[in-house]
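Chemist: Build me a model from this:
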Amino acid sequence: MIFIPKLIKSSWLVIILWLCTTYRMWDERLIYKPHLQDPEKTILTQEAIISVQGVSLRSYLEGLMATTISSNASKGREAMEWKANHSENLGLALVP
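Modeler: Residues are numbered from 1 along each chain as shown. Below is the predicted model:
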């Protein structure tokens, strides 16, 4: 979970990424919603559902995909936090 100031005010934004091939399915959701206690902040929640079928190394491939998604999500969160912190230091607003 990450807090992003002033990204959205009162509505939810859901982004769904879906990949389906012969052997694997990947459903990823990014949900942005307002923070309940602080209306100046937004909460980002990420969830991924991975399914691999018809392959003998199914659990290994699912674990590998989950690790990759988690690693990339961490990099994205760090980049967003860095940008938010540096924007405040420079006096820039995230939302006009």
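Chemist: where in this structure is pLDDT low?
Modeler: 1-24, 88-96 (pLDDT under 70).
Chemist: In three-state terms, label residue 66 for me.
Modeler: helix (DSSP: H, G, I helix; E, B strand; the rest coil).
Chemist: what's the nearest residue to it if we skip its chain neighbours?
Modeler: Spatial nearest neighbour of residue 66, excluding adjacent residues (CB to CB, 6 or more residues apart in numbering): residue 50 at 5.9 Å. C-beta coordinates here come from the backbone N, C-alpha and C atoms, glycine included.
Chemist: Which residues are in contact with the one you found?
Modeler: With contact set as CB atoms under 8 Å, 6 or more residues apart in numbering, residue 50 has these partners: 24, 25, 26, 62, 65, 66, 69.
Chemist: Quick check: can you name the pairing partners of the host helix or strand of it and their directions?
Modeler: Element membership of residue 50 [criterion: DSSP states H and E] is strand 41-52. Strand pairing for strand 41-52, determined by DSSP bridges: strand 2-5 (antiparallel), strand 24-34 (antiparallel).
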